[in-house]
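Novice: Next one to model:
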Amino acid sequence: MPESAVTAENRTRGQGWSTLSGVSTAVERYWDNRREALMARLDEAIGRLQEMAVLEDKLRHGYADEKSFTASLGGFAASALDPASLFRLVGREQARTGRGAERLKRLRALVDELEELRARMAKSPPVCRFMEPGTGVDEALEQLEAHLAENSAAVRLLRMTRLEERGQYLPHLHDDLFASFSWRDFEPGDMALVPPLVVLGDAMEQGPAAVGNVLRLVSSGLPVKLVLPRGSFAHPQAGAGDNTLPPLNPEFEAVLLSLRRVFIIQAPVIEGQELELALGAGLAGPGPCVISVLAESYPARSGDQRVQDALRSRAFPVLVYDPLHRREVGRGLDLSANPDLESEWPRQTVQYQTSDGEAESLEQEYTFADFALGEEEFSEHFRPVPESAHRDMLPLAEYLRLSPHNRRGKTPFVAGRSSNGTLEHLIPSTLLVALTEERRETWLSLKEMGALLGGRILQAPRPEITAEPPRAAISGNERRAIEKAAVAESMRKLVLKLSEMGAGGVDLSRVLAQATAPGASGAGPDVPVEQGVKIDTEECTACDECVIINPKIFAYNDQKKAYVKDPLGGPFRDIVKAAEKCTADIIHPGKPLNPREPELDKWLKRAQALGQ
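Specialist: Numbers count the residues shown, from 1 in each chain. As a prediction, this is how the structure comes out:
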């Protein structure tokens, strides 16, 4: 498996190599910055633990009163710190936990481990890795599991350091946890300490099998990071004949958004600050991330112009979907980088010459079929307009707004500049009309999803849909039940659709079971909500720990005091983690609302250890 971006072997794969190379460069740039930050964190942890060990040792060797303790710190430390508070804090914690020689030994052992890891990383820096296009799903998952196991040491040691610093390390509880620590014990933000292992897709693989493989990867439970280059806009096994309809082939963006838990970035190219920040968030996120990019066309077109044309025609809209923020306005589904958000199709001006050599221009809507005029794979999907058709011709964008009944007898066309500079009208094939309508429907669906998922988008209703009358207000629980039921129904339809396609060996029964499992279908909790997590809001010190772990469960009010935003917003393990990390000890986990949650005994034991 390669240690650098994309090996020379990839260059021979033709289509998509430059695209993969560009994405891998952005991934490497992200990790270069993260690696420097990781090394700095290790240095800081070593320094702090060494200071703690010195203080612990001083307390154990006769500095039992505040005066001698202050003198032992030296003049600079005594003036820079608050020796009295420090002495009381250390003494109180020592008395509470009964630690002494055992803690000093543990601190020194932790320093040794950190120094050994730091030296190993300095000698052989951790690098991001890439799986070759064509790697099988099972092999990819196996390699990712091994990669996470190999790189979890830094997360484990820094977690232990944090607990020691806060005086929250309890040997009877944490020794077992860290003895068997794995990537499954990661918390939000921990993936930023692990070099990415990215699965590179093949630009030539599309259709049902590719959809099935993607579903298998992102539903595996592993934090898969996957790059998918879009190499073709034509459907597999589709010809140019007017009677050829596209086979069933759902767009990746719609498929992945229906899963709701996958971080998605789609853009022709990954460049610019916002997209690179989104890439970093996806790579550092705790769940799967899919990066969909536009591969080159062959024969090649002007790259910059093709990118702009793909955006304008809705062939490849830019979108960023962050599942961790899907309930927050402006942070869920972001479509704001696309042109003319209010319109179905952006407009373009065609410059041409008349038969008399006069310069003229035509303003029209720029559809997917207009984009296809410049794509070699669609060269046989256009034919000249026959004389008999001129009377009943309509621009394709207008034709698509008609009902099927009103389309009868009408001929759609697209207009463009010919090779000699004059204006020509061409009739797209039945396949191309269907593909254009599919892109239109996908774009309108994305905008509707943006409204549901807290998206950054100017809202514009579908032309065919009339506004509904105002609805009565519903409670938060009712709204969540409706949303979850809608997701389950969406997944059910998707699985049935993929079943008709024979989607690449994906375990469709498993995907459907995940969508309709307890907790996904909108069913209520097994334990009354009142017996769940509670928080002493007035005593909150705004340490940020709970809202970082799960902002769906915890949030701040107007006074910057934490409160329980939604007790059903996440698993019991996040509640316990938040209670453990809360510096004010004001979070009371209560009872788990879903008794079928995985590893519940482990989290109940940790909740009981809090003594709340």
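Novice: how about residue 561, what does it touch?
Specialist: 537-538, 540, 542 (CB atoms under 8 Å, 6 or more residues apart in numbering). No exception for glycine: its C-beta is placed from N, CA and C like everyone else's.
Novice: Can you turn the buried part of those residues into a ChimeraX selection?
Specialist: Buried residues among the contacts of residue 561 (16 or more other CB atoms under 10 Å), as a ChimeraX selection:
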select :540
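Novice: In a markdown table: the contacts of residue 561, plus pLDDT, secondary structure and distance to residue 174.
Specialist: Output for the contacts of residue 561, formatted as a markdown table (pLDDT from 0 to 100; DSSP: H, G, I helix; E, B strand; the rest coil; distance: CB to CB, whole Å):
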| residue | pLDDT | secondary structure | distance to residue 174 |
| --- | --- | --- | --- |
| 537 | 91 | helix | 28 |
| 538 | 89 | helix | 30 |
| 540 | 89 | coil | 25 |
| 542 | 85 | coil | 26 |
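Novice: Now distance to residue 146 too, for the contacts of residue 561, in JSON lines please.
Specialist: Formatted as JSON lines, the contacts of residue 561 follow (distance: CB to CB, whole Å):
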{"residue": "537", "distance to residue 146": "44"}
{"residue": "538", "distance to residue 146": "48"}
{"residue": "540", "distance to residue 146": "41"}
{"residue": "542", "distance to residue 146": "40"}
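Novice: Which pair of the contacts of residue 561 spans the longest distance?
Specialist: Taking CB to CB, the two most distant members of the contacts of residue 561 are 538 and 542; they sit 12.2 Å apart.
Novice: Okay, and residue 114 sits in which element?
Specialist: For residue 114, the element it lies in under DSSP states H and E is helix 101-123.
Novice: I'd like the average pLDDT over that helix.
Specialist: Helix 101-123 carries an average pLDDT of 92.
Novice: And it, what does it pack against?
Specialist: The helices and strands touching helix 101-123, judged by 3 or more CB pairs under 8 Å, 6 or more residues apart in numbering; DSSP states H and E, are helix 17-60, helix 153-165.
Novice: which one of the ones you listed is the most hemmed in?
Specialist: With neighbours defined as mean count of other CB atoms under 10 Å, these peak in mean count at helix 153-165, which reaches a mean of 20.
Novice: Send over that helix as CSV, restricted to the C-alpha atoms.
Specialist: Output in CSV follows, covering the C-alpha atoms of helix 153-165 (Å, rounded to 0.1, in the frame of the first residue of the first chain):
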residue,chain,number,x,y,z
ALA,A,153,-1.7,5.1,20.9
ALA,A,154,-1.5,8.9,20.8
VAL,A,155,-5.2,9.1,21.5
ARG,A,156,-5.0,6.8,24.4
LEU,A,157,-2.0,8.5,26.0
LEU,A,158,-3.4,12.0,25.6
ARG,A,159,-6.7,10.9,27.0
MET,A,160,-4.9,9.5,30.1
THR,A,161,-3.0,12.7,30.4
ARG,A,162,-6.2,14.8,30.4
LEU,A,163,-7.7,12.6,33.2
GLU,A,164,-4.5,12.9,35.2
GLU,A,165,-4.4,16.7,34.9
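Novice: ok, residues contacting it?
Specialist: 38, 41-42, 45, 48-49, 52, 106-107, 110, 113-114, 117, 169, 174, 178, 181, 183, 186-187, 190, 193-194.
Novice: what angle separates it from helix 17-60?
Specialist: With axes from the mean of the first three to the mean of the last three CA atoms, to 10 degrees as the basis, helix 153-165 and helix 17-60 are set at 30 degrees to each other.
Novice: Which helix or strand lies directly C-terminal to helix 153-165?
Specialist: helix 171-179.
Novice: Show me which positions of that next one end up buried.
Specialist: So for helix 171-179, counting by 16+ other CB under 10 Å, buried means 173-174, 177.
Novice: From these, pick the one nearest residue 149.
Specialist: Nearest member of those to residue 149, counting by CB to CB, is residue 177, at 16.1 Å.
Novice: where are the low-confidence patches of the stretch 351-500 of the chain?
Specialist: Within the stretch 351-500 of the chain, the segments meeting pLDDT under 70 span 387-390, 451-500.
Novice: Please disregard the earlier target; I meant the stretch 151-300 of the chain.
Specialist: Residues of the stretch 151-300 of the chain that meet the cut-off, pLDDT under 70, sit at 203-208, 235-256, 296-300.
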